[in-house]
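>>> Have a look at this fold, sequence not included:
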């Protein structure tokens, strides 16, 4: 077994274990930390396959952004001694069977697909190339989806401000 | 002697020596371990030197002598401090969340290690040279705030919690300004890769080549990076008089030392990034095509240039800490959101215009 395979198995084990821990932890902040480990493991796998840009984005957006946001809201709302109640067995079994169905479908699709090792040359996913594709409007350009998503984000921001804005005091 | 000017001679010699008696996998694993040990040693030495420097600088600003008893001019003082910290009893609050309490210092240290790995110390002396260099450093340094938040919460102490919330709000706000001021220079370099950014300054440093917008960006970077590392005058996250040291109140012994070490390591990292992007990194002082002058400057090895520039940046940050009074939290957030961020955005536009027209050198 090569070194990269070994590292891959270690990373996968860490990700799977922390993902299970994230949904079974009784303390909410611990669950958030386990989620951080699972997301960090994903970033590490992107680093392993040399897709550095996506790895850094994964770290910035998920680990540095969303997990920090989750931790902030936990810090503001819960006390350290609070423990989550154990859910009822009916809920646990329903969730478990749903997850099992999802797992079965994913496994079936993965095994049914015959993966072939590519022989052609691959485009090097450098930041420069990603930037050029993002702003190109010709063949293989992504400027339209990029702009549409930015409008969606702008709408979400405006909506958040409108919701958070206090009503003027009635005079 | 040649290895002092280009470290790739040294690293390739080590690589060939290891390859002569190990399999490729063995070489890879050995090199990983060697790089890890090198960074750990560097961390330890860095902590010793910077703690001594901080105590001496603060003493001179306050017209004292600082540590003088242990060793010549007190140079062995920090070694004595380390031995004291190692022998202290690790106290854990009974009501604390032990798992998170023990985990928090390591998260901060890991973030500092990962950021440190991407720094170009000298020609050919860089552990990770991604084409996303600056983006990577910004990404991993944003992980450190998680450690601070966890430390404050798991201590089960209201002062720690307030300190952690202040630190979190401060770091998240000022990250924006740090990243945007670096982007102002990236507009001119056209690359995020740190080694390419250094090479692009072979005919002059960006702070001189980029005219006034580069200097504005440098000032914003200095202010914002001081705030991002939670140092004075922005140290209200650990304000001793109000919060009894903030998020690390409950830590003792080596875990306290980890927070302390991480603070100094982060100061080194932001100074090194600033020196690399604005002041040319390990590139000697070159002026355009003055061949004779440039050749004389090349006699000083790159590693001395790098550490000289970083020491200058670190001295500036210590100077800030010991001369300015601490800001209030509302002043701190006003400074970022109402002044630095708008100035920064306009500055990037001006820089993009200069880059398009080609007014920079």
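Looks like it arrived, so ask away. In this text the structure is predicted, and so the values were computed from the model without any measurement. Numbers count the residues shown, from 1 in each chain, chains lettered A, B, ... in the order given.
>>> number of nearby residues for the closest residue to residue B:19 other than its chain neighbours?
Computed as C-beta to C-beta, 6 or more residues apart in numbering or on different chains, the closest residue to residue B:19 that is not its neighbour in sequence is residue B:27, at 5.4 Å. For the C-beta atoms, the positions are set from N, CA and C on the backbone; glycine is no exception. For residue B:27, the neighbour count with other C-beta atoms under 10 Å in any protein chain shown is 19.
>>> check which helix or strand covers residue B:27.
helix B:24-61 (DSSP states H and E).
>>> so residue B:185 makes contact with residue B:214?
Yes: using C-beta atoms under 8 Å, residue B:185 is in contact with residue B:214, at 6.6 Å.
>>> which neighbours do those two share?
B:206, B:278, B:351 (C-beta atoms under 8 Å, 6 or more residues apart in numbering or on different chains).
>>> Of those residues, which is the most crowded?
That'd be residue B:278 among those, by other C-beta under 10 Å, with 27 neighbours.
>>> ok, now how distant is it from chain A?
Applying C-beta to the nearest C-beta, to the nearest Å, one obtains 21 Å for the distance of residue B:278 from chain A.
>>> okay, that residue: pLDDT?
pLDDT, residue B:278: 89.
>>> show me what contacts it?
Contacts for residue B:278 were tallied using C-beta under 8 Å, 6+ apart; they are B:185, B:205-207, B:214, B:217-218, B:221.
>>> ditto for residue B:310
Contacts for residue B:310 (C-beta under 8 Å, 6+ apart) come out as B:268, B:271-272, B:275.
>>> and which of these is nearest chain A?
Closest to chain A out of the contacts of residue B:310 is residue B:272 (18.5 Å), distances taken as C-beta to the nearest C-beta.
>>> And that closest one, which helix or strand is it part of?
Residue-wise, residue B:272 maps onto helix B:253-278 under DSSP H and E.
>>> So which bits of chain A are right by chain B?
For chain A, the residues found near chain B under the criterion C-beta under 8 Å from any C-beta of the partner chain are A:2-3, A:27, A:29-30, A:33, A:36, A:52-53, A:56-57, A:59-60, A:63-65, A:67-68, A:71-72, A:74-76, A:80-81, A:126-128.
>>> The residue in the stretch 101-250 of chain B that chain A sits nearest to: neighbour count?
Using C-beta to the nearest C-beta, residue B:142 is the residue of the stretch 101-250 of chain B that sits closest to chain A, at 3.3 Å. Neighbourhood size, residue B:142 [other C-beta under 10 Å]: 22.
>>> Doesn't residue B:187 belong to a strand?
No: going by DSSP: H, G, I helix; E, B strand; the rest coil, the assignment for residue B:187 is helix, not a strand.
>>> mind checking how far the residue nearest the centre of chain B is from chain A?
Residue closest to the average C-alpha location in chain B (C-alpha atoms, centre = their mean): residue B:269, at 1.7 Å. Distance from residue B:269 to chain A, counting by C-beta to the nearest C-beta: 15 Å.
>>> what's near enough to touch that residue?
Listed by C-beta under 8 Å, 6+ apart, the contact set of residue B:269 reads B:112, B:115-116, B:119, B:137, B:141.
>>> Which of these sits closest to residue B:47?
Using C-beta to C-beta, residue B:112 comes nearest to residue B:47 of these, at 10.8 Å.
>>> doesn't residue B:263 make contact with the closest one?
No: between residue B:112 and residue B:263 there is no contact under C-beta under 8 Å: 9.2 Å.
>>> and these two? which has more neighbours close in?
Higher neighbour count among residue B:112 and residue B:263: residue B:112, with 25 against 22, using other C-beta under 10 Å.
>>> that older thread, can you give the distance of the helix holding residue B:272 from its chain's centre?
Chain-centre distance of helix B:253-278: 5 Å, with C-alpha atoms, centre = their mean, to the nearest Å.
>>> ditto for stretch A:105-118
Taking C-alpha atoms, centre = their mean, one finds stretch A:105-118 lying 22 Å from the centre of the chain it belongs to.
>>> What number of residues are in the vicinity of the residue nearest to residue B:5 when sequence neighbours are not counted?
Among residues not flanking residue B:5 along the chain, residue B:301 sits closest, at 5.5 Å (C-beta to C-beta, 6+ apart). Each residue near residue B:301 was counted by other C-beta under 10 Å, and the total is 18.
>>> Just list the residues touching residue B:301, thanks.
B:4-5, B:122.
>>> again with residue B:121
By C-beta under 8 Å, 6+ apart, residue B:121 lies in contact with B:7, B:282, B:303, B:306.
>>> Keep only those of these that are in helices.
Secondary structure assignment by DSSP state H places B:303, B:306 of the contacts of residue B:121 in helices.
>>> Apply the buried test to the residues of chain A next to chain B and list what passes.
By neighbour count, with 16 or more other C-beta atoms under 10 Å in any protein chain shown, the residues of chain A next to chain B hold A:27, A:29-30, A:33, A:36, A:52-53, A:56-57, A:59-60, A:63-64, A:67-68, A:71-72, A:74-75, A:80, A:126-127 as buried.
>>> Next step: those residues restricted to helices.
Counting by DSSP H, those place A:29-30, A:33, A:36, A:52-53, A:56-57, A:67-68, A:71-72, A:74-75, A:127 in helices.
>>> Tell me the one among those residues nearest to residue B:82.
Of all these, residue B:82 sits closest to residue A:33, with 29.1 Å by C-beta to C-beta.
>>> Looks like that closest one contacts residue B:103 (just checking).
Yes: the criterion here is C-beta under 8 Å, and residue A:33 meets it with residue B:103 at 6.9 Å.
>>> related to what we said a few turns ago, farthest-apart pair in the contacts of residue B:310, please.
Greatest spacing in the contacts of residue B:310, by C-beta to C-beta: B:268 and B:275 (10.2 Å).
>>> Can you pull the domain assignment for chain A?
For chain A, automatic domain parsing gives the domain ranges A:8-97, A:126-164.
>>> residue ranges of the strands in chain A, please?
In chain order, chain A shows no strands, with DSSP state E as the criterion.
>>> now the helices for it?
For chain A, the helices defined by DSSP H cover A:3-24, A:28-48, A:52-58, A:67-77, A:89-112, A:127-135, A:143-164.
>>> Tell me, please, where in the chain the pLDDT is lower than the cut-off.
I'll assume chain A. A:1, A:119-124, A:168-171 (pLDDT under 70).
>>> oops, I was thinking of chain B
For chain B, the stretches with pLDDT under 70 are B:1-3, B:237, B:239-243, B:361.
>>> near chain A, which residues of it show up?
Residues of chain B that fall close to chain A, judged by C-beta under 8 Å from any C-beta: B:25, B:28-29, B:95-97, B:99-100, B:103, B:130-132, B:135-136, B:138-140, B:142-143, B:145-146, B:149-150, B:152-154, B:156, B:161, B:164-165, B:168, B:172, B:190-192.
>>> Give me the PyMOL select line for the residues you listed, limited to the buried ones.
Remark: buried members of the residues of chain B next to chain A, expressed as a PyMOL selection using 16+ other C-beta under 10 Å:
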select buried, chain B and resi 96+97+100+103+130+131+132+135+136+138+139+140+142+143+145+146+149+150+152+153+154+156+161+164+165+168+172+191+192
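>>> Restricted to helices, list the residues of chain B next to chain A.
The helices, defined by DSSP H, take in B:25, B:28-29, B:99-100, B:103, B:135-136, B:138-140, B:145-146, B:149-150, B:152-154, B:161, B:164-165, B:168, B:172 from the residues of chain B next to chain A.
>>> If anything else comes up later, I'll come back, but that's it for now.
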